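A.B. asks: Fold the following for me, if possible:
(chains A, B, C and D)
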Number of protein chains: 2
Amino acid sequence: MNTRFAVATHILAYLAHAQGQPVSSEVLASSAGTHPVVVRRLMSNLREAGLVQSQRGAGGGTVLARPPADITLLEVFRAMRESDPDIFQVGSTNPNTQCDLGGVMQATLEDMFGPAIEAMRAALASITVAQVMQELAKRLPGACPGAVG
Amino acid sequence: MNTRFAVATHILAYLAHAQGQPVSSEVLASSAGTHPVVVRRLMSNLREAGLVQSQRGAGGGTVLARPPADITLLEVFRAMRESDPDIFQVGSTNPNTQCDLGGVMQATLEDMFGPAIEAMRAALASITVAQVMQELAKRLPGACPGAVG
DNA sequence: GAATTAGTAACAGATTTGGTTACAAATGTA
DNA sequence: TACATTTGTAACCAAATCTGTTACTAATTC
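C.D. replies: As a prediction, this is how the structure comes out:
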C-alpha cells in the first residue's frame, strides 16, 4: 500500500509537470520503475476518484482532470484505499464470545482514534500535488533530462 | 496489523483492570477471541517494549510493567511495528533508473508527510491505556460478568 | 515429581501484493 | 480500410504476510 501511494503521487506529479500533455502508461511506468500494467491498475483508481482522465488509442494517455493545486494528498490517499473503509479501521476482535467486549472495544478504539485520524487527514489535506511537484523540481537540479523525471 | 493493534490494546486494558494480578495468555485469548499463542506472540513485542512483564509457571501470567496512566497508545502502536521503520515509510519507487527520481520522490514525500505523521503521533501519544480502560468500563454496564471483560 | 504457564519454533491456510502475459476495445494515421 | 498505438481488464504466478494451530522446551509452584 505504501508503494501504491508513492507511485500514485509520483504519477500525479509527473502529470502535473506535463501540463495537459497526455502521458502513456509506459512512460510513467519507466519513470516510476514499475510495469505499465501496474500503472494502469493504479490509474483505474485515480480515474474513479476523478483525479485523472485517460484516452485510448494512438497518441493517447492520461492527463490530470483538475488543476494540480486543487488535488490534495488526502484525495490520493483515499483513492488508493477505496476498498478499505478507513485507515484505522481497527480489526474486530472477539467476534462471538459470551460478552460483547469485542464490539465495544472496537467502537471504543475507533472513537478514541478519532482525533488522531482527523489530525492526519487534515495534514494530508493541506498538501497539494502542485506543492509536491514544486518541491520535486527544487530537488532535481536538472538531474533528469527532460522529465520530472 | 490493525488486528494486532486492537488485540494489543485489548490485552493492555484487561491487564490494567486486573490491577497487578497476573493474567494467563489463555484467559486473555479467550477475552480477545483469539489463540493463546497469538497472545503470547504479541506479548513478546509488548515485553520488549517494556510495557508488560511475564512470569512462567503455575500461577504465572502477565502484568503491566508500568502504571496504565503512563502507557500511551503511541507506545503500543510502536511496539506492534518494531520491524517496520515507520508508519508512512513510503515504499521506494524507481530503484535503479538513469535519474534518481525514485530516491528524490521518496525523500520528498517523507518530508511532506512529516507534519501528518507528527500530528498522528501527537494524537496517539495523548491517549493512555488508563483512559481506554475507563472508556471501556463506561460502555460495559456489567455486561461481562467479572471481566473487563 | 506433577501440574501449570510462558517462550518459541514450525507449519498450514488465507489474503495481499507486484510483476507479467494476454487479449479486447478504442483511437489516430496512412 | 488496414494498421499501429494505447488503454482497460482479466488471469496467473511468485513472494510476502498474517492468523491460527500444534508441538516442544524452560521455568515455576505445589
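
A.B. asks: going forward, measure contacts and count neighbours with C-alpha atoms only.
C.D. replies: Will do.

A.B. asks: can you count the residues close to whichever residue of chain A sits closest to DNA strand D?
C.D. replies: Here chain A gets closest to DNA strand D at one residue, A:Ser24, 2.9 Å apart by C-alpha to the nearest atom of the strand. A:Ser24 has 20 neighbours, counted by other C-alpha atoms under 10 Å in any protein chain shown.

A.B. asks: Over to A:Val37?
C.D. replies: Neighbour tally, A:Val37, other C-alpha under 10 Å: 12.

A.B. asks: tell me, which helix in chain A spans the most residues?
C.D. replies: Counting residues, the longest helix in chain A under DSSP state H turns out to be helix A:101-125.

A.B. asks: Briefly note if it comes near DNA strand D.
C.D. replies: No: applying C-alpha under 7 Å from any atom of the strand, one finds helix A:101-125 separated from DNA strand D by no less than 12.1 Å.

A.B. asks: So which elements touch the helix or strand following that helix?
C.D. replies: Heading C-terminal from helix A:101-125, the first helix or strand you meet, by DSSP states H and E, is helix A:129-139. On a contact count with 3 or more C-alpha pairs under 8 Å, 6 or more residues apart in numbering or on different chains; DSSP states H and E, helix A:129-139 meets helix A:2-18, helix B:101-125.

A.B. asks: one more time with 6 Å, if that's ok
C.D. replies: Contacts defined by 3 or more C-alpha pairs under 6 Å, 6 or more residues apart in numbering or on different chains; DSSP states H and E place helix A:129-139 against no helix or strand at all.

A.B. asks: So what angle separates the directions of it and helix B:101-125?
C.D. replies: 130 degrees (axes from the mean of the first three to the mean of the last three C-alpha atoms, to 10 degrees).

A.B. asks: Next to DNA strand C, which bits of chain A? Give me the list.
C.D. replies: Checking chain A against DNA strand C by C-alpha under 7 Å from any atom of the strand, the hits are A:1-4, A:33-38, A:55-60.

A.B. asks: B:Glu48: which of those is nearest?
C.D. replies: For the residues of chain A next to DNA strand C, the closest approach to B:Glu48 (C-alpha to C-alpha) belongs to A:Asn2, at 26.3 Å.
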